[in-house]
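**Q** got a predicted model here, sequence first, then my questions.
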Amino acid sequence: MTAILIQGGRVLDVEALSVLNCDVLIEQGKITQTGLNLKTPADVQIIDATGLTVMPGMIDCHTHIVASQVNLGLNANLPNALATLRAVPILSGILMRGFTTVRDAGGANWSLAEATRTDIIDGPRLFTSGRALSQTGGHGDMRPRSDIMEPCACSQRIGNIARVVDGVDNIRLAVREEIQMGATQIKIMASGGVASPNDPIHFLGYSENEILAAVEEAGNAGTYVMAHAYTPQAISRAIKFGVRTIEHGNLVDADTATLMHEHNAFMVPTLVTYEALANEGASLGFPAESVAKIEAVRGDGKKSLEILAKAGVRMGLGSDLLGALHRHQSNELKLRADILGNGMTLQQATLVGAEILGMTNQLGVIKPGAIADLLLVDGNPLTDITCLLGQGEHIRVIIKDGKTYKQ
């Protein structure tokens, strides 16, 4: 692998929230030196970053790579080959928007992660959850109401982001199976949701013993549980039972946010998906019963950021987009920056994301020893977050694992 010297740019220090003139040397996929007048190999490739901001690749902690349709029930019935092939342009688009790492929150598996790792297809580094776990009738059970409960054979298809699992012993087995198949963390549905047909937002997912079983089995494998949850009750019980990250959390209140802080738990809000679904969901085939649920959580999403920030809860960046709406991914940055400021938003998309993934000092930073995931941006996102919006038009160079994917 050829060494790369990024020369003449302004390096964004996301920890100090400052920009300094600095060169960056990349060797064997890692950042080995930063500073000026660096000692470099004779055959180094030089990238001129004059006038550009050099920043860490961004991290999206809540994606659904295999969700190529907004109607998840229909998506679950896609043939496996078609569901996989439809994920390819989604992965490429994510990388071109500057997200060099994502945590998939249900659907993507080890095979897709390995395909991007080995450059069979272009895409971000993937931390996959396999199929999320849902109780019968929970957020993940896409079966319509019927006189007879049909078996959920669709859970075996790649296009289904979840599997229906009930009971402590079955939960234990399901967690072990997902980890055996390559999941790097476990996702459970701990409350009702928007995209599923028969579970109002206030529904609670799983009993105490079922959640405890999932947490224990994940912990036995050296990993953790992330939980879909909206309401204070759903969030607080998940946190008390050992869940490490809460997904969405739109209806969180001050007391629950304090509890999260006390338990050192993370929140991954996903504001952009509700905006996109409200504006375009119905026209793209989002089911009517799901469209009706959007406003129940959309309005409180922005308020939740203020509540969480005041309580000191660390937040990762998430998007949770489906189908054609994936193109709105970068708008999550703008929605947050309008409330929390550019600096905190950039930290959530880099430092906090890395911490959630257990990759502190390896991802989300530009320092010797870190993995070489870098963006060269036309503009300074500290002062103008819009240079990171759209489809990556202002991102001139994208480097992942020391390899250049856009130049």
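**A** Structure's in. What do you need? Numbering: from 1, shown residues only.
**Q** these two touch, right, Thr116 and Ile94?
**A** No - taking contact to mean CB atoms under 8 Å, the distance of 9.8 Å between Thr116 and Ile94 leaves them out of contact. Glycine gets a C-beta too; all of them are placed from N, C-alpha and C.
**Q** what sits in contact with each of those two?
**A** Residues touching both Thr116 and Ile94 comprise Gly123, Pro124, with contact defined as CB atoms under 8 Å, 6 or more residues apart in numbering.
**Q** neighbour-wise, which of the two wins?
**A** Ile94 (28 against 24; other CB atoms under 10 Å).
**Q** pLDDT value on the more buried one, please?
**A** For Ile94, the model assigns a pLDDT of 98.
**Q** now Val313
**A** At Val313, the pLDDT value in this model is 98.
**Q** roughly how far does it sit from Thr270?
**A** In this structure, Val313 and Thr270 are separated by 15 Å, where distance is defined by CB to CB, to the nearest Å.
**Q** then Glu393?
**A** Taking CB to CB as the measure, Glu393 and Thr270 are separated by 23 Å.
**Q** for those two, indicate the residue with more neighbours.
**A** Neighbours per residue, other CB under 10 Å: of Glu393 and Thr270, the larger number sits with Thr270, 24 against 11.
**Q** just the helices in the stretch 251-400 of the chain please.
**A** For the stretch 251-400 of the chain, helices defined by DSSP state H, counting those that start in this stretch occupy the ranges 254-262, 271-276, 288-291, 294-311, 331-340, 342-347, 353-356.
**Q** who wins for proximity to Gln33 among those?
**A** The closest approach between Gln33 and any of these, judged by CB to CB, belongs to helix 353-356 at 20.6 Å.
**Q** tell me the mean pLDDT for that closest one?
**A** Here the mean pLDDT over helix 353-356 is 98, rounded to a whole number.
**Q** next: stretch 249-256.
**A** On average, stretch 249-256 scores 98.
**Q** same check on stretch 145-158?
**A** Rounded mean pLDDT across stretch 145-158 is 67.
**Q** just stretch 323-332 next, same as before
**A** Confidence over stretch 323-332, taken as the mean pLDDT, stands at 97.
**Q** what residues does that stretch touch?
**A** Counting by CB under 8 Å, 6+ apart, residues outside stretch 323-332 touching it are 60, 67-71, 75, 90, 93-94, 97-99, 270-273, 275-277, 280-281, 284-285, 317-319, 321, 388-392.
**Q** what do you get for stretch 294-314?
**A** With contacts defined as CB under 8 Å, 6+ apart, stretch 294-314 is touched by 194, 201, 230, 248-254, 257-258, 260-261, 265-267, 269, 271, 274-275, 277-278, 281, 315, 335-336, 339-340, 344, 352, 355.
**Q** go with 6 Å
**A** 201, 230, 249-252, 254, 257-258, 260-261, 266-267, 271, 274, 277-278, 315, 339-340, 352 (CB atoms under 6 Å, 6 or more residues apart in numbering).
**Q** again with stretch 386-394
**A** With CB under 6 Å, 6+ apart as the criterion, stretch 386-394 contacts Met96, Arg97, Gly98, Ser330, Leu333, Val377, Asp378, Gly379, Pro381.
**Q** okay, domains of this protein per the record?
**A** Per the record's domain assignment (automatic domain parsing), the chain is made up of the domains 4-57+364-406, 58-329.
**Q** out of the ones you listed, which gets nearest to Gln348?
**A** domain 58-329 (4.8 Å).
**Q** from the middle of its chain, how far away would that closest one be?
**A** When distances are taken as CA atoms, centre = their mean, to the nearest Å, domain 58-329 is centred 9 Å away from the chain's centroid.
**Q** same question, stretch 362-370
**A** Stretch 362-370 has its C-alpha centroid displaced from the chain centroid by 19 Å (CA atoms, centre = their mean).
**Q** buried ones in that stretch?
**A** By neighbour count on 16 or more other CB atoms under 10 Å, the buried set for stretch 362-370 is Leu363, Gly364, Val365, Ile366, Ala370.
**Q** ends of it, how far apart?
**A** Using CA to CA, to the nearest Å, the span of stretch 362-370 from its first residue to its last is 4 Å.
**Q** can you check stretch 314-325 too?
**A** End-to-end span of stretch 314-325 (CA to CA): 26 Å.
**Q** where does the stretch 301-407 of the chain have low pLDDT?
**A** Within the stretch 301-407 of the chain, no range satisfies pLDDT under 70.
**Q** quick one: the strands in it, in order.
**A** Per DSSP state E, counting those that start in this stretch, the stretch 301-407 of the chain has strands spanning 374-377, 395-400, 403-406. These are given in chain order.
**Q** again with the stretch 1-150 of the chain
**A** When secondary structure is read from DSSP E, counting those that start in this stretch, the stretch 1-150 of the chain shows strands at 4-7, 10-13, 18-21, 23-27, 30-35, 45-48, 53-56, 58-63, 99-104, 125-128, 132-134.
**Q** what strands flank the third one, and is each parallel or antiparallel?
**A** By that I understand strand 18-21. Strand 18-21 has these partner strands in its sheet, going by DSSP bridges: strand 10-13 (antiparallel).
**Q** buried residues in the strand it pairs with?
**A** Arg10, Val11, Leu12, Asp13.
**Q** can you check stretch 160-177 too?
**A** In terms of neighbour count (16+ other CB under 10 Å), stretch 160-177 has its buried residues at Asn160, Ile161, Ala162, Arg163, Val164, Val165, Asp166, Val168, Ile171, Arg172, Ala174, Val175.
**Q** for it, list the C-alpha coordinates in PDB.
**A** Included here for stretch 160-177 are C-alpha records, laid out as PDB according to Å, rounded to 0.1, in the frame of the first residue of the first chain:
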ATOM      1  CA  ASN A 160     -36.200  -8.300   6.600                       C
ATOM      2  CA  ILE A 161     -34.400  -6.000   9.100                       C
ATOM      3  CA  ALA A 162     -35.800  -8.000  12.100                       C
ATOM      4  CA  ARG A 163     -36.800 -11.500  13.400                       C
ATOM      5  CA  VAL A 164     -39.600 -12.300  15.700                       C
ATOM      6  CA  VAL A 165     -38.400 -14.000  18.900                       C
ATOM      7  CA  ASP A 166     -40.300 -14.600  22.200                       C
ATOM      8  CA  GLY A 167     -39.200 -16.000  25.500                       C
ATOM      9  CA  VAL A 168     -36.000 -16.000  27.500                       C
ATOM     10  CA  ASP A 169     -34.500 -19.200  26.100                       C
ATOM     11  CA  ASN A 170     -35.400 -18.200  22.500                       C
ATOM     12  CA  ILE A 171     -33.800 -14.800  23.100                       C
ATOM     13  CA  ARG A 172     -30.600 -16.400  24.300                       C
ATOM     14  CA  LEU A 173     -30.500 -18.600  21.300                       C
ATOM     15  CA  ALA A 174     -31.300 -15.700  18.900                       C
ATOM     16  CA  VAL A 175     -28.500 -13.500  20.300                       C
ATOM     17  CA  ARG A 176     -26.000 -16.400  20.100                       C
ATOM     18  CA  GLU A 177     -27.100 -17.000  16.500                       C
END
